[in-house]
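A.B. asks: Below are the sequence and a predicted model for it; my questions follow.
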Amino acid sequence: MRALTIAAILCASVANLPAQGRITGTVFDSLITRAPLRGSVVTLVATGRYAVADDRGRFAFDSVLPGRYSIGFMHPVLDSLDVYVPPIAVELPNSGRVSVTLATPSPAALYSTLCPGPHEEDTGVLVGRVRDVESETPLADAAVGTSWTEILFTAGGREDRRRGLLARTDREGAFRLCGVPTRLMLDVRAELGGFRAGPLRLALDTRLFGHANLAVSRGVPSVGPAANEPRRVLATGSVHGTVRDRSGRAVRDAIVALLDESRTVRTNATGEFRFDSVPAGTRTLEARKIGAPPTLMTIDLHAHEERDATLTIDRSAQALTAVTIVGTRTTPLIERAGFTQRRRMGLGAFFTAEDIARLGSFDLSDVLGRMSGLQLSRIGGDFMPTMRRANGTICIPTFFVDGFAFPVDGARAGKDTMAPFTDLSSLLLPHMVRGIEVYANLGSIPLEYDRTATTGCGSVLIWTH
């Protein structure tokens with residue numbers, strides 16, 4: 001009888017307990033990714049409970065008693081911005097369910113806080129951290145910068161202005177660059193004590209915020225000429241890998257570049273490539289092949305490391321089912337890219353497909369050699385198109401094929417350097433070309449095709465579509 005009494009008491013106690021409910025929600029990043037913020041650590045303040053947001057930014061707390069709670073979240077993106085998002089209040093009703101949305105601050109409000117004062121149109125802020133590639137510790141007082149070219153059209157004509165931003169990291173390794181352009185591709189670099197990292201190539205794509213983390217190698221210990229003179233020297237590693245297409249097939253004769261190192265190699269029959277003596281730290285590889293957009297891969301290379309890398313390029317045309325289109329014509333890439341408009345402005349020299357056909361040439365070098373602003377010079381044993389600087393010296397222009405850079409020099413194939421011009425001329429026969437633009441005057445180069453900051457030479461644009 002006593003056992004029955006105790007059981008009745010326990011049942012009555014449980015029945016009197018309030019029903020437990022569930023708090024669910026989503027964390028959203030409106031600053032950088034404009035997407036659910038996966039990996040966020042969501043906390044139910046003062047309860048000791050937390051949850052991690054999944055790939056869709058979703059989280060859940062089960063078995064929660066009805067009542068009023070505070071809920072907040074943490075994420076490395078907030079740490080990099082030095083931003084604190086205060087918890088929000090949430091009321092869990094007796095019905096047992098409530099859903100909430102957690103979000104980063106609005107871009108405009110945070111931008112005004114981080115970069116007070118007026119700011120130019122189409123500019124944003126780039127934030128991030130610099131760390132030691134070996135120890136992963138933050139590096140203070142590292143210089144982080146980026147630069148770009150602006151073109152101004154005034155009553156007096158056109159003016160090109162080179163601009164840049166430079167910042168120093170704080171004791172936590174954090175930096176902030178206010179006023180970076182949001183519509184341009186940027187190369188971000190870091191430097192500390194003579195050791196460099198980068199470039200890290202990125203674009204804000206009209207966003208107000210961008211994020212960049214770089215790793216710097218501070219070298220390895222060595223002994224100077226004088227007895228017991230300690231010093232640090234450049235640390236290096238090796239990078240080898242394969243270039244493949246979307247189906248996993250090896251891509252032969254793809255050109256792989258180590259950006260900022262002026263080093264380029266060509267893949268072999270099995271798509272393999274290799275770079276030795278690569279400075280440790282953040283480095284960027286670029287793989288390119290005619291007919292495919294370039295592919296970038298950024299790595300953090302450690303001292304003496306043998307790093308394997310696989311780059312994937314989209315070289316194959318996609319097979320589409322037959323479609324009947326009435327009253328519509330696809331605009332060729334050459335027109336979408338502004339060829340005709342620039343030709344009307346007359347800032348450079350232009351050849352159309354008709355001009356090229358009239359020449360009757362079977363070699364791209366011959367076609368280019370007949371264009372204003374270019375001349376054929378013997379470099380590395382071969383003739384190739386060159387330009388002449390204002391001081392009379394010869395320079396090699398930057399070539400673009402269908403909008404993508406194809407840097408060349410006069411070296412013969414097989415050297416650990418940039419691709420020889422013969423690689424380009426063998427891939428592009430004159431009958432394949434729909435138009436050519438030559439910009440020998442440095443003040444006339446369209447902004448997106450201007451590489452004068454690094455080459456001191458003009459640009460040649462070749463269009464095949």
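C.D. replies: That came through, no problem.

A.B. asks: Report the contact partners of residue 395.
C.D. replies: Residues in contact with residue 395 (C-beta atoms under 8 Å, 6 or more residues apart in numbering) are 386-389, 455-458. C-beta coordinates here come from the backbone N, C-alpha and C atoms, glycine included.

A.B. asks: now the helix or strand where residue 113 lies: how far from the chain's centre is it?
C.D. replies: Here residue 113 sits within helix 107-114, counting by DSSP states H and E. With C-alpha atoms, centre = their mean, to the nearest Å as the basis, helix 107-114 stands 23 Å off its chain's centre.

A.B. asks: hmm, back to that, give me the buried entries from the contacts of residue 395.
C.D. replies: Neighbour counting by 16 or more other C-beta atoms under 10 Å classes 386-388, 455, 457-458 among the contacts of residue 395 as buried.

A.B. asks: Find the pair from those with maximum spatial separation.
C.D. replies: With C-beta to C-beta as the measure, no two of the buried ones among the contacts of residue 395 lie farther apart than 388 and 455, at 13.7 Å.

A.B. asks: Quick check, residue 374 in contact with residue 384.
C.D. replies: No. Under the criterion of C-beta atoms under 8 Å, residue 374 is not in contact with residue 384, lying 9.7 Å apart.

A.B. asks: For the helix or strand hosting residue 376, which helices and strands make contact with it?
C.D. replies: For residue 376, the host element (DSSP H and E) is strand 375-379. Secondary-structure packing of strand 375-379 (3 or more C-beta pairs under 8 Å, 6 or more residues apart in numbering; DSSP states H and E): helix 364-369, strand 382-388.

A.B. asks: how about these, which one is nearest residue 337?
C.D. replies: helix 364-369 (18.8 Å).

A.B. asks: what residues does the closest one touch?
C.D. replies: 351, 356, 359, 361, 374-376, 383-385, 421, 424-425, 428-430, 433, 436, 438, 460.

A.B. asks: go on, stretch 97-107?
C.D. replies: Here stretch 97-107 has contacts from 21-31, 37, 40, 42, 71-73, 77-78, 83, 85, 88, 90-92, 110, 207-209, using C-beta under 8 Å, 6+ apart.

A.B. asks: buried sites along it?
C.D. replies: Buried residues in stretch 97-107 (16+ other C-beta under 10 Å): 98, 100, 102-105, 107.

A.B. asks: Where does confidence bottom out across those residues?
C.D. replies: Here the lowest pLDDT out of the buried residues of stretch 97-107 sits on residue 107, with 78.

A.B. asks: wait, what's in contact with the nearest residue to residue 436 once chain neighbours are set aside?
C.D. replies: Ranked by C-beta to C-beta, 6 or more residues apart in numbering and with sequence neighbours excluded, the top spatial neighbour of residue 436 is residue 351, at 4.4 Å. Residue 351 sits next to 367, 371, 435-436 when contact means C-beta under 8 Å, 6+ apart.

A.B. asks: Can you add distance to residue 175 and secondary structure and give the residues you listed back as TSV?
C.D. replies: What follows is those, written out as TSV (distance: C-beta to C-beta, whole Å; DSSP: H, G, I helix; E, B strand; the rest coil):
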residue	distance to residue 175	secondary structure
367	47	helix
371	44	coil
435	42	strand
436	42	strand
